[in-house]
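**Q** structure of the sequence below:
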Amino acid sequence: MKILVALILVTVFVATPARLKAQPEPQRSADQLPLKPGRHLRFDESQGTWMSLDISPDGKTIAFELLGDLYEMPVTGGEAHRIACGMPFDSQPVYSPDGKSIAFVSDRSGNENLWVSNNDGAAPRALSTLDDNTVFISPAWSADGQSVYVSRFKPDINAFELWRYPIDGTAPEQITHAKYAPGTPKEFRGNALGADLSPDGRYLYYEAKTGLGFDDDVTFPLWHIVRRDLHTGEELTVVTAQGSAFRPGLTPDGKQLVYATRYRGQTGLRIRNFESDEDKWLDYPTQRDDQEASASRDLIPRYAFTPDSQYLITNYGGKLHRVHLASGTVDSIPFVAHVDLNQGRIFAKIQDQFKLDCCKLQPRVRIARASPFPRSRIFMKQT
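**A** Okay, the predicted model is just below:
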């Protein structure tokens, strides 16, 4: 949820009843969020960071996320209007192959889940109904438009796994498994992110790595790109790089693959031609990647191709950019979004609502150590 509050470090213990895995959580609508808007922020914005986006199949419209709301505008730029807004944090919109629907991630049920709606944001419905702190990352439609692939991160296993959700609401299918056995150590668990499907629907491309899903003490390379044959289940590593290879994107004609990598401390996009096997820089530098952090919205924001496979549209440096695949020339796409954000109450009002008394918070002593000086101790204190 989009809430501005002061953070106080406290220790909280919550007892919850055990849940049976076979029992799905009940679906809740957006108006059942416990937090109510307490104020509004209204302003015009022409820049944004980490804006995952997509282009409609007819090539006329861009859908993108900004500050937890979803917007659309002409592919040439201009005025953007909201198609999903309110207290929930909505992100990562992706058009269906027929352009009639959008898949996206939202916490409007109280927990992040995978949702679909009409392409104008109307008639939203949940494809998943989890309530266990799972994080959903990078939805991607199947070529036939009958299902959505998405990565899920669960804190208890500290790994990303790929799942497929049918849009008819039937049970999801797990595509990759972090554990190859029940007792697989965390450092040997598999991770899968950034799914993209080949135009013919046969191959699934994604970024993979072995080890912790989130770790800031790392040795490169971490990620490589895998191609999975959806007919046979066979997998093949297709791209590796010293700075890792991630965020694969296939052109609509299926002839080229774009991916991201880090080089000399900066992240850029490279392009590989399947016919000639040529691999070269497309745009460098671009958006700094998230390899050492939690990657809760993938390693870089989603980019998209025009239907004629001539251009790529991406976000970095606060702007939207159009990149010509053949020449690598880059043009900016101007936009203006009329932001109108519902915000939760500020901390003082939350304190009144929940009867919090900050003055009575008790310090907690941790990691006490003996001092060389008599009658003294060294310790850390949390309040």
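
**Q** only C-alpha atoms from now on, for both contacts and neighbour counts.
**A** Noted.

**Q** give me the distance between Pro97 and Asn119.
**A** Remark: distance between Pro97 and Asn119 (C-alpha to C-alpha, to the nearest Å) = 11 Å.

**Q** mind checking which of these two has more residues around it?
**A** Legend: neighbour count by other C-alpha atoms under 10 Å for Pro97 and Asn119, higher for Asn119 (21 against 18).

**Q** isn't the more buried one up against Tyr95?
**A** Yes: here Asn119 lies in contact with Tyr95, judged by C-alpha atoms under 8 Å, at a distance of 7.3 Å.

**Q** what touches both of the two?
**A** By the contact definition C-alpha atoms under 8 Å, 6 or more residues apart in numbering, Asn119 and Tyr95 are jointly contacted by 101-102.

**Q** backbone dihedrals for Phe188, both of them.
**A** Backbone geometry at Phe188, expressed as degrees, to the nearest 10, gives phi -110, psi 10.

**Q** tell me the SS of Ala192?
**A** Secondary structure, DSSP: H, G, I helix; E, B strand; the rest coil: Ala192 is strand.

**Q** what's the closest non-adjacent residue to it?
**A** Spatially, and ignoring its direct neighbours in sequence, Ala192 is nearest to Ala208 (4.7 Å; C-alpha to C-alpha, 6 or more residues apart in numbering).

**Q** where along the stretch 251-383 of the chain do the strands fall?
**A** For the stretch 251-383 of the chain, strands defined by DSSP state E, counting those that start in this stretch occupy the ranges 256-263, 266-273, 279-283, 304-305, 311-316, 319-324, 330-333, 335-343, 364-370, 377-382.

**Q** could I get the ones you listed in a markdown table, plus columns for mean neighbour count and mean pLDDT?
**A** Below are those laid out as a markdown table (neighbours: other C-alpha atoms under 10 Å; pLDDT from 0 to 100):
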| stretch | mean neighbour count | mean pLDDT |
| --- | --- | --- |
| strand 256-263 | 22 | 98 |
| strand 266-273 | 18 | 98 |
| strand 279-283 | 17 | 98 |
| strand 304-305 | 22 | 98 |
| strand 311-316 | 22 | 98 |
| strand 319-324 | 20 | 98 |
| strand 330-333 | 15 | 98 |
| strand 335-343 | 18 | 92 |
| strand 364-370 | 11 | 52 |
| strand 377-382 | 12 | 51 |
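
**Q** out of those, which is closest to Tyr71?
**A** Among those, the nearest to Tyr71 by C-alpha to C-alpha is strand 335-343 (7.9 Å).
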